[in-house]
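# this one's sequence-less:
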């Protein structure tokens with residue numbers, strides 16, 4: 001079981017894990033050993049609370065398909081077990097990040113001093129540009 005929060009858990013039967021051959025360099029070993037892990041997690045069919053499901057499906061993440069399936073491929077490590085742990089950790093982080101609601105930004109108002117400085121610098125810049133003109137006698 002994967003623990004998401006104190007009250008939310010994901011059962012192992014809901015996560016589909018398969019071992020595949022890893023991509024890239026690795027010599028002869030890469031052609032013989034299936035050390036990469038391909039993890040699939042179906043959001044709509046899961047036992048997650050509805051608010052978790054809604055937040056996950058609203059995410060604009062390339063790992064979530066149109067059907068609402070999270071697909072994670074882990075192949076950083078040479079060992080299958082380490083890649084399995086890495087894939088599960090990424091799934092856990094994705095679900096945890098989806099439920100965190102970012103704080104709303106309160107727009108601040110510019111101070112009088114900053115407004116005055118801005119207008120003074122604009123006036124000064126305008127004077128400099130006006131002095132660049134042609135000299136007429």
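Received, thanks. Nothing here was measured: the structure is a model prediction, and the numbers come from that model.
# contacts, neighbours, all on C-alpha from now
OK.
# low pLDDT regions in the protein?
For the chain, applying pLDDT under 70 flags the ranges 25-27, 29-30.
# okay, which residue is most central for it?
By CA atoms, centre = their mean, the chain has its centre lying nearest to residue 61, at 6.8 Å.
# just confirm that residue is within a strand.
No. With DSSP: H, G, I helix; E, B strand; the rest coil as the criterion, residue 61 is located in coil rather than a strand.
# so how far is residue 103 from it?
Distance of residue 61 to residue 103, given as CA to CA, to the nearest Å: 20 Å.
# surely residue 47 touches residue 10?
Yes. Using CA atoms under 8 Å, residue 47 is in contact with residue 10, at 7.1 Å.
# who's in contact with residue 57?
By CA atoms under 8 Å, 6 or more residues apart in numbering, the contact list for residue 57 reads 43, 64, 68.
# okay if I get the residues you listed as JSON lines plus neighbour count and distance to residue 116?
As requested, the contacts of residue 57 are arranged in JSON lines below (neighbours: other CA atoms under 10 Å; distance: CA to CA, whole Å):
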{"residue": "43", "neighbour count": "20", "distance to residue 116": "54"}
{"residue": "64", "neighbour count": "20", "distance to residue 116": "49"}
{"residue": "68", "neighbour count": "17", "distance to residue 116": "53"}
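# which of the residues you listed lies closest to residue 117?
residue 64 (48.4 Å; CA to CA).
# count the residues that sit near the residue lying closest to that closest one once chain neighbours are set aside.
Sequence neighbours aside, residue 70 is the residue nearest to residue 64 in space, at 4.4 Å (criterion: CA to CA, 6 or more residues apart in numbering). For residue 70, the number of neighbouring residues by other CA atoms under 10 Å comes to 21.
# hang on, residue 70 in a strand?
Yes. Counting by three-state DSSP, residue 70 falls inside a strand.
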